[in-house]
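Peer 1: Make a model of this:
(2 chains)
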Amino acid sequence: MAACSIEDVLAKAEKDEAEKLKSITVVKELDLEFDLGNMLAFDKNPPDIREFRQKNKDDFLRSLARDNTQLLINEMWKLPTERVDEVIVAKLPEPTARLPREKPAPKPRPPTKWEEFAKLKGIQKKKKTNLVWDDVHKEWRRRWGYKRAKDDTKEWLIEVPETADPNEDQFAKRNKAKKERVAKNELNRLRNIARAQKIKVPGVGLAPTEQQSKSELGKAIHVAKMSTASVGKFQERLPKEKAPKNTGKKRKFQPLIGDFSSEKQKQLDILKIMDSKKPRLDINKAVNKQMREEDMESASKKKKGAGKKGRKGSFPGKKGNFPGKKGKGAGSVVKSGKNRKPRMKQGKR
Amino acid sequence: MTQLDGVVKPKTKRSKRFLQSREAKLIENTKNAMILKGGNTSETVTQALKDIYALKKPSAVMYKKKNITRPFEDQTSLEFFSKKSDCSLFLFGSHNKKRPNNLIFGRMFDFHVLDMIELGIEKFSSLKEIKKSTCPEGTKPLLVFAGEAFDTDNEYKRLRSIFTDFFRGPNVPCIRLAGLEHLLHFTALEGKIYMRSYKVLLKKSGCRTPRIELEEMGPSFDFALRRTHLASDDLYKTAHRQPKALKPKKKKNISHDAFGTKFGRLHMQKQNLAKLHTRKMKGLKKRRGETVVGDEETSVKKTKMEEL
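Peer 2: As a prediction, this is how the structure comes out:
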């Protein structure tokens, strides 16, 4: 009797336990794959298609989701936990699912020319103090930069060396030397960057670009021609070669003392224009304007016949006011084809 | 001096910090997603984009204007946007007669499209429609994939990877267990993909692990797979390449067998036993006239053998 009762109790306890666990156990044919680092579960079991068709779709999906989530949560609760600020947190392991990176791994910065040289020669960096004693100002000052100690550009008196030209400005000389050093440094920095990126190292002068335009090529030829000892004086010209634009003298001045009568005439002409009350009429310009307006009208009539297009007709007022926007071409005979150009540009905006 | 293109030198500390935040790193930032509209979008698509934006929110950018591009034909504008907003995930929504209610999920590697998958929305219910409870913004979701297609079919496999990448959120070392509130469930069934979003309710079960109840939260989609653009194996491999510094360092002389038992191999130097200090006792003292030395040596050798 006694033994039997013990067995009963044990069986009952087992049953209770099973019932407790029943609510959180799910039986699946194939075990789920877990990636707890990403809080991810993957159920390889094929879902029951027959049930899916018979049952309500959403209910079926939800029950499937519930089972899978229960399994995932069971697994999550097995993770080691920690108490942080009255909150229980689980430590997640490293994610196992390999996902692609966003950007390739960073490469170490390639050494500069100096660093290469220093390594070759075994030169090591020495740590220097930031502050040095300045004897003139009687205080500690920075070694470099603004308000540095022993700043040789800030001296108020410089002794002229015996060998130097007495008329030379020693202050300007120092400033210039400093500027040149800075520029050289910058050039070297850019060269290092170029070397690191395997771009062609830029030199001084015209740097080659990928696709040289006609004007750039022309300029390059010009520079090459000028770089002789005689500044290109004896260089032969190629057939059909044009002189480069925008080089040489920019402004032309009349000689200071020259033809007085022509100068007088010029001044008088200006005064005459200023004095007259009629506006000056440029016949060429006026005719061109007239012709263009006529062309515009005929074109717009054609357009209206073909049907309106919203974008092209969006600035009708502007067109009427400034028909000669492309002013440079106004001198030649106006063709109907030429008139179409400005309108195209407006459409593209 | 000509300006070198592609090399930007920051002029202020702030811009330097900004550029640093976008640099390639060993341990990368959380992937950002950009959500774009095509030239024409239906209400369904617009709402779907908004809902997915709500799910992704802290690490997503929503583009509000139309962008007339076709990612499967020309990817340059996508790449431009990706560079501009530093996003490596994108979602592109469009709607036309040939492909109604179209969503394109994709991801970038080094600002070039790695792979993208086009999905047609066949049924959609938004966050608004299901007016129950929602999750707080930025909750890291539980992800569950179900269906054998996700394991067998190549395109589905890639889709699983894209979805994981897209929705997994930030990579975190630990998580609050009570905060596991959101579940995204993807089911591949009969050639369709059912994406459901549930709120997880943790109920008492009588033991430590809670019992799970689910409540539908929205958005939920029924997707049909359309066009795909998968990365070549070569590119896919380079995208997965792990930097050397991140790889776990190989530990020498430690091995595990199939049952997880740890074995160590020890390398010992030869011990000079002649100099060994032993316990000195009166009885073991050497006396003159005794020749036990030879015997002792042999015995030492034996013990060494036994040790080995």
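Peer 1: use CA for all of it now, contacts and neighbours both
Peer 2: OK.
Peer 1: Pretty sure residue B:126 sits against residue B:216.
Peer 2: No. At 11.0 Å, residue B:126 does not count as touching residue B:216 under the criterion of Cα atoms under 8 Å.
Peer 1: residue ranges for the strands of the stretch 1-150 of chain B, please.
Peer 2: In the stretch 1-150 of chain B, the strands defined using DSSP state E, counting those that start in this stretch lie at B:33-37, B:60-66, B:89-94, B:102-109, B:112-125, B:142-146.
Peer 1: Please state the offset of the second one from the chain centre?
Peer 2: To tie it back to what came earlier, the one meant is strand B:60-66. Put simply, strand B:60-66 sits 25 Å off its chain's centre (Cα atoms, centre = their mean, to the nearest Å).
Peer 1: Kindly report the residues of the stretch 151-300 of chain B close to chain A.
Peer 2: B:151, B:161, B:165, B:168, B:171-178, B:183, B:185, B:187, B:189, B:205-207, B:209-214, B:236, B:239-243 (Cα under 8 Å from any Cα of the partner chain).
Peer 1: Could you identify the longest helix within chain A?
Peer 2: If you go by DSSP state H, chain A has its longest helix at helix A:170-196.
Peer 1: What residues of the helix or strand that that one is followed by count as buried?
Peer 2: Sequence-wise, the next helix or strand downstream of helix A:170-196 (DSSP states H and E) is helix A:214-226. Residues of helix A:214-226 classed as buried: A:218, A:219, A:220, A:225 (neighbour count, 16 or more other Cα atoms under 10 Å in any protein chain shown).
Peer 1: Verify the stated contact: residue A:68 with residue A:40.
Peer 2: No. The pair residue A:68 / residue A:40 is not scored as a contact, 10.3 Å apart, by Cα under 8 Å.
Peer 1: any common contacting residues for the two?
Peer 2: residue B:144 (Cα atoms under 8 Å, 6 or more residues apart in numbering or on different chains).
Peer 1: Per-residue confidence, residue 252, what does it come out as?
Peer 2: Just going to use chain A. Here the pLDDT value assigned to residue A:252 is 80.
Peer 1: Oops, wrong one, chain B.
Peer 2: 87.
Peer 1: Residue A:57: neighbour count?
Peer 2: By other Cα atoms under 10 Å in any protein chain shown, 11 other residues sit near residue A:57.
Peer 1: do residue B:141 as well
Peer 2: Residue B:141: 25 neighbours (other Cα under 10 Å).
Peer 1: cool, and residue A:302?
Peer 2: For residue A:302, using other Cα under 10 Å, the count is 11.
Peer 1: Over to residue B:48?
Peer 2: Neighbours around residue B:48, by other Cα under 10 Å: 23.
Peer 1: ok, now the one 5 residues further on?
Peer 2: Taking other Cα under 10 Å as the neighbour definition, residue B:53 ends up with a count of 19.
Peer 1: One more: residue A:290?
Peer 2: Count around residue A:290 with other Cα under 10 Å applied: 13.
Peer 1: Wasn't it part of a strand?
Peer 2: No. Residue A:290 is assigned helix when assessed by DSSP: H, G, I helix; E, B strand; the rest coil, not a strand.
Peer 1: picking that back up, can you redo the strands of the stretch 1-150 of chain B as JSON lines with mean pLDDT?
Peer 2: What follows is the strands of the stretch 1-150 of chain B, written out as JSON lines (pLDDT from 0 to 100):
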{"stretch": "strand B:33-37", "mean pLDDT": "95"}
{"stretch": "strand B:60-66", "mean pLDDT": "93"}
{"stretch": "strand B:89-94", "mean pLDDT": "95"}
{"stretch": "strand B:102-109", "mean pLDDT": "94"}
{"stretch": "strand B:112-125", "mean pLDDT": "93"}
{"stretch": "strand B:142-146", "mean pLDDT": "93"}
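Peer 1: which residues touch the residue in the stretch 101-250 of chain A positioned nearest to chain B?
Peer 2: Evaluated by Cα to the nearest Cα, the stretch 101-250 of chain A has residue A:103 as its residue closest to chain B, separated by 4.5 Å. Residues in contact with residue A:103 (Cα under 8 Å, 6+ apart) are B:24, B:25, B:109, B:110, B:111, B:239.
Peer 1: distance of it from residue B:44?
Peer 2: Distance of residue A:103 to residue B:44, given as Cα to Cα, to the nearest Å: 33 Å.
Peer 1: ditto for residue A:234
Peer 2: Taking Cα to Cα, one finds residue A:234 at 76 Å from residue B:44.
Peer 1: neighbour count winner among these two?
Peer 2: Legend: neighbour count by other Cα under 10 Å for residue A:234 and residue B:44, higher for residue B:44 (21 against 11).
Peer 1: wait, isn't that one in contact with residue B:100?
Peer 2: No. Under the criterion of Cα under 8 Å, residue B:44 is not in contact with residue B:100, lying 9.9 Å apart.
Peer 1: rewinding a little: filter the residues of the stretch 151-300 of chain B next to chain A to the buried ones?
Peer 2: Buried among these (16+ other Cα under 10 Å): B:151, B:161, B:165, B:168, B:171, B:174-175, B:177, B:183, B:185, B:187, B:189, B:205, B:209-214, B:236, B:239, B:242.
Peer 1: Among those residues, name the ones in strands.
Peer 2: B:174, B:175, B:183, B:185, B:187, B:189, B:211, B:212, B:213, B:214 (DSSP state E).
Peer 1: Distance check, the nearest residue to the first one once chain neighbours are set aside against residue B:175.
Peer 2: Once its chain neighbours are removed from consideration, residue B:174 has its nearest residue in residue A:91; the separation is 4.2 Å (Cα to Cα, 6 or more residues apart in numbering or on different chains). Applying Cα to Cα, the value for residue A:91 to residue B:175 is 7 Å.
Peer 1: Next to chain A, which bits of the stretch 1-150 of chain B? Give me the list.
Peer 2: Checking the stretch 1-150 of chain B against chain A by Cα under 8 Å from any Cα, the hits are B:1-2, B:4, B:7, B:24-26, B:28, B:31, B:88, B:108-111, B:141-148, B:150.
Peer 1: ok, now with 7 Å
Peer 2: Near chain A, the residues belonging to the stretch 1-150 of chain B are B:1-2, B:24-26, B:88, B:108-110, B:142-148 when assessed by Cα under 7 Å from any Cα of the partner chain.
Peer 1: Which members of those residues are classed as buried?
Peer 2: When those are checked against 16+ other Cα under 10 Å, the ones flagged as buried are B:24-26, B:88, B:108-110, B:142-148.
Peer 1: Can you list the low-confidence ranges for the stretch 51-200 of chain B?
Peer 2: By pLDDT under 70, the stretch 51-200 of chain B has no low-scoring segment.
Peer 1: Show me what the longest helix of chain A is packed up against.
Peer 2: Helices and strands touching helix A:170-196, as assessed by 3 or more Cα pairs under 7 Å, 6 or more residues apart in numbering or on different chains; DSSP states H and E, are absent.
Peer 1: Could you pull out the strands in chain A for me?
Peer 2: Under DSSP E, chain A gives strands at A:33-35, A:40-43, A:81-84, A:87-91, A:131-134, A:139-142.
Peer 1: just those strands: most buried one?
Peer 2: Counting by mean count of other Cα atoms under 10 Å in any protein chain shown, strand A:40-43 has the highest mean neighbour count of the strands of chain A, with a mean of 23.
Peer 1: Could you list every helix and strand in contact with it?
Peer 2: strand A:33-35, strand B:142-146.
Peer 1: got the contact list for the longest one?
Peer 2: If I follow you right, that is strand B:142-146. Residues outside strand B:142-146 that contact it (Cα atoms under 7 Å, 6 or more residues apart in numbering or on different chains) are A:39-44, B:182-188.
Peer 1: so what strands line up beside it?
Peer 2: strand A:40-43 (parallel), strand B:182-189 (parallel) (DSSP bridges).
Peer 1: For residue A:262, find the nearest of the ones you listed.
Peer 2: Closest approach to residue A:262 among the strands paired with strand B:142-146 (Cα to Cα): strand B:182-189, 91.7 Å.
Peer 1: can you pull the buried residues of the next helix or strand after the closest one?
Peer 2: Counting by DSSP H and E, the next helix or strand C-terminal to strand B:182-189 is strand B:192-203. Of the residues in strand B:192-203, B:193, B:194, B:195, B:196, B:197, B:198, B:199, B:200, B:201, B:202 count as buried by neighbour count, 16+ other Cα under 10 Å.
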